[in-house]
Every structure is written in structure tokens, then in C-alpha cells.
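Participant: Need a 3D model of the following:
(one chain, ligands or ions: 1)
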Amino acid sequence: MDLKSNHTAPVLADPAPISKSRLVASSLFPYSSPAPVFSPNLLLTVPRKKTGILDDVRASSWLDAMKSSSPRQTSTRDYNHEIVSTDTDVAYRTWMVKYPSALSSFEQITNFAKGKRIALFLDYDGTLSPIVDNPDFAFMSIDMRAAVAKVAKYFPTAIISGRSRDKVYGFVGLTDLYYAGSHGMDIMGPVRESSDDPPNCIRSTDKQGKGVKLFQPASEFLPMIDEVFNSLVNSTKEIKGAKVENNKFCVSVHYRNVDEKNWKTVAQCVHDVIRNYPRLRLSHGRKVLEVRPVINWDKGKALTFLLESLGLSNHDDVLPIYVGDDRTDEDAFKVLREGNLGYGILVSSAPKESNAFFSLRDPQEVMEFLKSLVNWKKTSVL
Ligand SMILES: O=P(O)(O)OC[C@H]1O[C@H](O[C@H]2O[C@H](CO)[C@@H](O)[C@H](O)[C@H]2O)[C@H](O)[C@@H](O)[C@@H]1O
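Facilitator: Got it, this is the predicted structure:
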């Protein structure tokens, strides 16, 4: 199949604006899980006109998205290291009325979880590890690793990351978890004999020799992604601070360390490369442009796939909890919210519209939440 064609331009697909309407509180509780649907035809066809240059309108919308792609500090510290209340603090507290802290709402969460099996889904960057300038150094702390290891002893736990699966496994380094890399396009999950495998799913073994299911719905894009990665490395090499990361089924172009006056040049380089690949699209992360295949697959679909693989879909006594900080995590929050399946928890130190139910400020609070889950499980009489 020729995935490269000159008739269409790349799809500039950011997530659709999130609906401002919130479900009423009571809909936190009734659960009915629809059966997951895995379409054999995952390819999306979104034809667009080809444009020669990154035109001004598109350039400014790319730039706006680039500028708003990382939260600002919500508070400052005075010379005594006291937190000084600022307008942004007030805005954050107001926002938290809509997205309450998962720590202060812990009792509400665990009350609802009584008699249920919690399944935990965790994003990596910005959730388990703090955001740092160099993506190669986004290590999680020893304490965080211990907290994740403990929580995984009590609850089925999966990491769903935009990184390549190998890379995120390298950072986390725990064997008792399931891993989905490339925004869910590379899943290594458990084998369940009773279920039918979708196309593109193969049986394999993990590093410990355990039988696993490997699902790579974008496998045919591999040569294209490699080609685009090389082109992007080449075209951005003169831009000081730009960094291109190969995430196997997608490519990240980082501009966190690029002078803001050169962000437009980064956008132009990315545009110039991917305009020749109508089967690739662009999305925005935290100071990163992400190039990925146009397929009907995202972190939300990965979450559904993993629940199915774990034998946890269509059960009223299952409570999935997904913790993430990025726009790509919204797809998973949406699956949980719209299906009334479970709780999305947004990690953010700044107010933003989300499909999550709860919030946590930063990875430190994520760690406290994980520890609280373990303590609750240890002490609860179910
Ligand atoms: O889905 P995630 O696990 O959150 O991965 C999303 C992207 O995370 C990484 O980039 C982000 O974190 C870096 C390290 O803190 C930071 O330098 C960068 O600015 C952030 O965008 C990762 O490098 C990307 O490849 C992932 O797609």
C-alpha cells in the first residue's frame, strides 16, 4: 500500500476543543461499560489541500499552540521561601472546584472503589517524572519507582506513554507492569486465551520470557517514520536547541530549548517535511511537536485495549483510574468519562480544561496518591 501520495497535505490534527460541559456529579457513579470495538480498518482518511508554505493563519495557530503548550508557575516564593499568593493561585483554586484534588477527594474515590477492582493507567513524562529540559534525562525518582512498584503489586498497572515502549521501559524498569509506547501504538499486554486477537496483534514473550500480546496497529508506518525522523533531524540541525526524538511509531520535535523567536522556524521545518506525507499528522504536546500516523488509535483506544486484554472490560466491579498530564491523555480521560467507566486524573499546576474528573498538582502529588492507594488497599476490609 502506498502511504505516500502528493494529493493531500498533512493533517494538522489537534484534539478537538474539550466540551465545557461537565457531567453532573451523580454520573460519577453509575457504571455500564460498552464492549470495546476494534475496527480492523484503523486508517483514517482525512484529505486536505496541499499548500506550498506554512501560511500565516496556520503558522500563527501553530505558534499559539506552541506558546501555550506548557503550564506556567502558579505561585512564587518570597525570600523566606514562603509561598506567596498570586492571582494565578486564585485562578488555580477556582479551577480546583471543577477538578478537585484526588488527594483531598481520596475518601470519595475509595468509597466508590469499595468492592471494585482498581486498574491503574499512568502516563510517564510530567506524571511519574518531572518535566526537564533534556528528554533523555527525564528519570523518575527512586521513591517514585518504589511507589509504582508497590501499587502494581495490588492493582493491575500499565504505563501509557508517548515515548517508544523500550525507552519508557528503560526509565521505569519494573517488570510487573504493562507498557504501551508511541501514544498507545505499541502495546505489550497480557495474553488472555479466551479473547480474540485483533489484526496486527501477535503473541510474543517479554524480557522475562513470559507470554505476552504485542499490538502494533501502525506497524506499516515504521519505514515512513524512520524516513521522516531522518529528514527532521537534518532539517532542524541548524536550529539551536531543537531536538528530534524517534519514538518508533511517532516522532517528537522538541523546542523547549529553542529561543522563542525561532519557534516559527521549527514549525516551518516540521511543516515542510510532513507536507509530503498525507498519512502523517501533527499534534502538540508540552513544548513538543509530535508527528504520528493518521490512524484511528490513541491513548484512549490503548486503555480500552488493555482493559480488554486484562479481562477487565464490561465489568461493573472494575474501576479504571488514568493519571496523565498531557493533551494526548485527554483521549483516555474521554473514554473513561463518556463511558462512565472510571476516573481521569489530570496532573497540572495550571488551570486547563480537561475531561478528567480530578487533579493532582505535580508528580510529587501523584506519588502521594499512589502511596495512599496502597495504604488504603492494605488496611481496607473488603
Ligand atoms: O506520554 P508521555 O509519557 O507524557 O510522553 C509525552 C512526551 O514526553 C516527553 O517530552 C516531554 O517531557 C520531556 C522531559 O521532561 C520534556 O523535555 C519535553 O519538553 C516534554 O514535551 C518525550 O520526550 C516525548 O517524546 C513524549 O512524546
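Participant: Please name the spatially closest residue to residue 181 (chain neighbours excluded).
Facilitator: residue 165 (3.0 Å; Cβ to Cβ, 6 or more residues apart in numbering). Quick note: C-beta positions are derived from backbone N, CA and C, even for glycine.
Participant: if I look at that neighbour, how far off is residue 272?
Facilitator: 29 Å (Cβ to Cβ, to the nearest Å).
Participant: neighbour count winner among those two?
Facilitator: In this view residue 165 and residue 272 are compared by other Cβ atoms under 10 Å, and residue 165 has more residues nearby, 22 against 15.
Participant: Quick check, that one in contact with residue 247.
Facilitator: No: if you go by Cβ atoms under 8 Å, residue 165 and residue 247 don't touch, sitting 9.1 Å apart.
Participant: what's the overlap in contacts for these two?
Facilitator: 181-182 (Cβ atoms under 8 Å, 6 or more residues apart in numbering).
Participant: Three-state assignment for residue 212, please.
Facilitator: Three-state assignment for residue 212 (DSSP: H, G, I helix; E, B strand; the rest coil): strand.
Participant: That one touches residue 197, doesn't it?
Facilitator: No: using Cβ under 8 Å, residue 212 and residue 197 do not qualify as a contacting pair, with a distance of 11.8 Å.
Participant: Overlap of the contact sets of those two?
Facilitator: Shared contacts of residue 212 and residue 197, counting by Cβ under 8 Å, 6+ apart, come down to residue 203.
Participant: neighbour-wise, which of those two wins?
Facilitator: More crowded of residue 212 and residue 197, by other Cβ under 10 Å: residue 212, with 21 against 15.
Participant: can you tell me which residues contact the more buried one?
Facilitator: Per Cβ under 8 Å, 6+ apart, neighbours of residue 212: 188-191, 203-206.
Participant: Quick check on those residues: which are buried?
Facilitator: 188-190 (16 or more other Cβ atoms under 10 Å).
Participant: In strands, which of those residues fall?
Facilitator: 188-190 (DSSP state E).
Participant: what would the residues you listed look like in JSON lines with distance to the ligand and pLDDT?
Facilitator: Output for those, formatted as JSON lines (distance: Cβ to the nearest ligand atom, whole Å; pLDDT from 0 to 100):
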{"residue": "188", "distance to the ligand": "15", "pLDDT": "92"}
{"residue": "189", "distance to the ligand": "17", "pLDDT": "79"}
{"residue": "190", "distance to the ligand": "21", "pLDDT": "80"}
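Participant: Among these, which one sits closest to residue 320?
Facilitator: residue 189 (14.1 Å; Cβ to Cβ).
Participant: Can you verify my assumption that the closest one contacts residue 213?
Facilitator: Yes: Residue 189 is in contact with residue 213 according to Cβ under 8 Å; the separation is 5.0 Å.
Participant: check contacts around residue 228.
Facilitator: By Cβ under 8 Å, 6+ apart, the neighbours of residue 228 are 251, 273-274, 277, 280, 291.
Participant: go again using 6 Å as the cut-off
Facilitator: residue 251 (Cβ atoms under 6 Å, 6 or more residues apart in numbering).
Participant: now residue 247
Facilitator: 163-164, 182.
Participant: Top of these by number of neighbours, please.
Facilitator: Counting by other Cβ under 10 Å, top hit in the contacts of residue 247: residue 182 with 29 neighbours.
Participant: Next one: it from the ligand, what distance?
Facilitator: 9 Å (Cβ to the nearest ligand atom, to the nearest Å).
Participant: wait, that residue sits on residue 246?
Facilitator: No: applying Cβ atoms under 6 Å as the test, residue 182 and residue 246 come out as separate, 10.1 Å apart.
Participant: Give me the common contacts of those two.
Facilitator: With Cβ under 6 Å, 6+ apart as the test, residue 182 and residue 246 reach no residue in common.
Participant: what about the strands in the stretch 101-250 of the chain?
Facilitator: 117-122, 157-160, 178-181, 186-190, 201-205, 211-215, 243-246 (DSSP state E, counting those that start in this stretch).
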